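Asker: The following block contains a protein sequence and its predicted model.
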Amino acid sequence: MQTTWKGTISFGLVSIPVHLYSATQEHDVPLHQVHAKDGGRVRMKRYCEREEKEVPYAEIAKGYESPDGRTVTLSDEDLADLPLPSKKIIDVLAFVDEGEIDPLMFSKAYYVGVADKAAAKPYALLRDALTESGQIAVTKIALRTRESPAVLRVHDNTLVLQTCIWPDEVRPVAGIAPEGDVTVRPQELKMARSLMDTLSEDFDLAQLHDDYQQALQQVITARLEGVEVPHEEEPGEAPDNVIDLMEALRSSLKRAKGGRGAGGEEAGAEEEPAPRKRAPAKKAAPAAGKTAAKAGSKTAARTAAKTAEKGATEGATEGATKRAARSPAAKRTTTRKSSAPRKAS
């Protein structure tokens, strides 16, 4: 990587010689200004109004025009010799929790590398102290023609310097949000949270890509090959007013779950459970009682019939026995038994 800045991190009495490297790069398709009529390249020339001629870049300097019209010229040497401590020193001013710095203030990020081997241990000391404390270091740095507040934090075991804008450069937010009290129902908030959870499932930021650059490259390739430029149907315009917020949330939730696999409608049914129907006032209980009563009566009737049949059988047997006992044959048998001689004891 190309070195962007060279200097020293001042951490109390500890000095860490470091180099800064740009941590980000933007990808885009390079486009030039051309004459629409014939495609001729249009170039910007540095033109001096007083001499009415083009001047080379080496003769270009910076200037400031005062309110009364006077111009002050500043050379590169003037800017390099500014009495500014932060030109070559990143002075650690304080350590704060990361949440204390509004993300609106973050600007450009730089990787911080050691300038020599001797800086490895103090570098690791500051890095490990920030990691263990969970804090960030507030600093100031002068890059090119601007001094900025900055923070030092840890990313992938490497120190990162994130430049910031000054607090007074953040515009006030007054008058942007809707005015007046807006009431959000608990059901709407619950549905919105459910939609948030669904959209967050298996989200991977690395899977995002630049659709604009891809479409632009397709158009350029088509023009170079002399074929028809691809076109896509424009999506329908989004409604500019929401009449039924709950219905919009419900439809959004079903669409999000449907796009993530099966079970969308079943899951969507959970978003707002239907009210439970109250059971009738035990109308089925009497019917069950009647059925049980009928069954009981049939059982009792069968039991009574068996008992009566058994009683009749026993009664008939007992009557036959008594009639046989009263018959003449039975009496003669009894008389013979009583008249038989007894053996001596």
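Answerer: Perfect, thanks for sending it.
Asker: From now on I want contacts and neighbour counts done on CA atoms only, so please keep to that.
Answerer: Fine.
Asker: wait, what's in contact with residue 114?
Answerer: 16, 17, 18, 19, 120, 123 (Cα atoms under 8 Å, 6 or more residues apart in numbering).
Asker: want to throw those into TSV with distance to residue 68 and pLDDT?
Answerer: Formatted as TSV, these follow (distance: Cα to Cα, whole Å; pLDDT from 0 to 100):
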residue	distance to residue 68	pLDDT
16	46	95
17	45	96
18	44	96
19	42	97
120	53	95
123	50	96
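Asker: From those residues, list just the buried residues.
Answerer: 16, 17, 18, 19, 123 (16 or more other Cα atoms under 10 Å).
Asker: Looking at the residues you listed, which is nearest residue 211?
Answerer: residue 19 (34.9 Å; Cα to Cα).
Asker: Quick check: chain neighbours aside, which residue is closest to the closest one?
Answerer: residue 6 (4.6 Å; Cα to Cα, 6 or more residues apart in numbering).
Asker: so the one you found makes contact with residue 20?
Answerer: Yes - between residue 6 and residue 20 a contact is recorded at 6.5 Å, counting by Cα atoms under 8 Å.
Asker: who's more crowded, the two?
Answerer: residue 20 (21 against 17; other Cα atoms under 10 Å).
Asker: Which secondary structure state does that one sit in?
Answerer: When classified by DSSP: H, G, I helix; E, B strand; the rest coil, residue 20 comes out as strand.
Asker: Okay, it and residue 163: tell me how far apart.
Answerer: Distance, residue 20 to residue 163, using Cα to Cα, to the nearest Å: 12 Å.
Asker: same question, residue 143
Answerer: 10 Å.
Asker: Neighbour count: the two, which is higher?
Answerer: Neighbour totals were compared for residue 143 and residue 163, and residue 163 leads with 24 against 14 (other Cα under 10 Å).
Asker: Run me through the strand neighbours of the strand or helix carrying that one, direction for each.
Answerer: Residue 163 belongs to strand 158-164 when assigned by DSSP states H and E. Strand 158-164 sits in its sheet next to strand 106-114 (antiparallel), strand 146-155 (antiparallel), going by DSSP bridges.
Asker: State the mean pLDDT of the last one.
Answerer: Okay, so that is strand 146-155. Computed over strand 146-155, the mean pLDDT rounds to 95.
Asker: Output that strand as CSV, nothing but the C-alphas.
Answerer: What follows is strand 146-155, C-alpha atoms only, in CSV (Å, rounded to 0.1, in the frame of the first residue of the first chain):
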residue,chain,number,x,y,z
ARG,A,146,-6.9,20.3,7.1
GLU,A,147,-6.7,19.5,10.8
SER,A,148,-9.4,17.0,12.0
PRO,A,149,-10.4,15.3,15.2
ALA,A,150,-9.9,11.5,14.9
VAL,A,151,-10.3,8.3,16.9
LEU,A,152,-8.0,5.3,17.2
ARG,A,153,-9.8,2.0,17.4
VAL,A,154,-9.0,-1.7,16.8
HIS,A,155,-10.1,-3.6,13.7
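Asker: Any buried residues in that strand, and which?
Answerer: Of all the residues in strand 146-155, those buried under the rule 16+ other Cα under 10 Å are 147, 148, 149, 150, 151, 152, 153, 154.
Asker: which of those lies closest to residue 66?
Answerer: Checking the buried residues of strand 146-155 one by one against residue 66 (Cα to Cα), the nearest turns out to be residue 147, at 21.8 Å.
Asker: With adjacent residues omitted, what lies nearest to the closest one?
Answerer: The shortest distance from residue 147 to any non-neighbouring residue, by Cα to Cα, 6+ apart, is to residue 141 (5.6 Å).
Asker: In a strand, that neighbour, correct?
Answerer: Yes - counting by three-state DSSP, residue 141 is found in a strand.
Asker: Show the model's pLDDT score for it.
Answerer: Confidence score, pLDDT, at residue 141: 93.
Asker: Who does it form a beta bridge with?
Answerer: Residues in beta-bridge contact with residue 141 (DSSP bridges): residue 148.
Asker: I'd like the numbering to begin with 686 instead of 1 from here.
Answerer: All set: I'll call the first residue 686, so the last point we hit is now residue 826.
Asker: which residues of the stretch 786-935 of the chain fall in helices?
Answerer: For the stretch 786-935 of the chain, the helices defined by DSSP state H, counting those that start in this stretch cover 805-818, 871-885, 896-910, 930-944.
Asker: got the ones you listed as TSV, with distance to residue 776 columns?
Answerer: TSV is the format used below for the helices of the stretch 786-935 of the chain (distance: least, Cα to Cα, whole Å):
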stretch	distance to residue 776
helix 805-818	13
helix 871-885	40
helix 896-910	40
helix 930-944	49
